[in-house]
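*Asks:* got a structure for you, letters missing:
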């Protein structure tokens, strides 16, 4: 079985991050009494979207990261790609919680860079030179 130590560390960090994004949603739902849907509460809506956006991007990022590591990419590349994804997700969440479009935008930019870098490495590794 292939071990993926770098990806494993990032997955652990992303798991804790998801809990950190989910807890404020649950607490706000309890406070406003809205257990289903997003309600008219702007704070709840922002928290839901921060969590949802994380869930939309991180799974493919982690799969890509794991494949890059499994294809014997240099450790620095795996770490750099994972760190870029993590930084992007952090910035995006901060931007959502603080209603800062520029911070959120930079978060998305870093996320895109990580995904495209991983995809590029996977394609380059798949081409029989």
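*Replies:* Here it is on my side, so go on. Everything quoted here is computed from the prediction, not taken from an experiment. Numbering: from 1, shown residues only.
*Asks:* only C-alpha atoms for contact and neighbour calcs from this point on.
*Replies:* Will do.
*Asks:* Return the residues in contact with residue 101.
*Replies:* residue 95 (Cα atoms under 8 Å, 6 or more residues apart in numbering).
*Asks:* Pull up the gap between it and residue 82, please.
*Replies:* Using Cα to Cα, to the nearest Å, one gets 23 Å for the distance from residue 101 to residue 82.
*Asks:* And for residue 44?
*Replies:* Distance from residue 44 to residue 82, by Cα to Cα: 29 Å.
*Asks:* Compare the two (neighbour count), which wins?
*Replies:* In this view residue 44 and residue 82 are compared by other Cα atoms under 10 Å, and residue 82 has more residues nearby, 26 against 23.
*Asks:* so the more buried one touches residue 11, yeah?
*Replies:* No: applying Cα atoms under 8 Å, one finds residue 82 not in contact with residue 11, separated by 9.4 Å.
*Asks:* so what sits against both of these two?
*Replies:* residue 62.
*Asks:* Now do the same contact list for residue 85.
*Replies:* 58, 61, 110, 111, 113, 114, 115.
*Asks:* same question but for residue 93, I mixed them up
*Replies:* Counted by Cα under 8 Å, 6+ apart, residue 93 has contacts 50, 51, 104, 107.
*Asks:* And for residue 61?
*Replies:* Counting by Cα under 8 Å, 6+ apart, residue 61 has contacts 85, 114, 115.
*Asks:* same check, this time on residue 45
*Replies:* If you count contacts by Cα under 8 Å, 6+ apart, then residue 45 has 38, 39 around it.
*Asks:* buried set for the helix or strand harbouring it?
*Replies:* Residue 45 belongs to helix 42-70 when assigned by DSSP states H and E. Neighbour-count burial for helix 42-70 flags 43-51, 53-54, 57-58, 61-62, 64-69 (criterion: 16 or more other Cα atoms under 10 Å).
*Asks:* The nearest residue to residue 109 once chain neighbours are set aside: which element?
*Replies:* Spatial nearest neighbour of residue 109, excluding adjacent residues (Cα to Cα, 6 or more residues apart in numbering): residue 88 at 7.0 Å. In this assignment (DSSP H and E), residue 88 forms part of helix 75-97.
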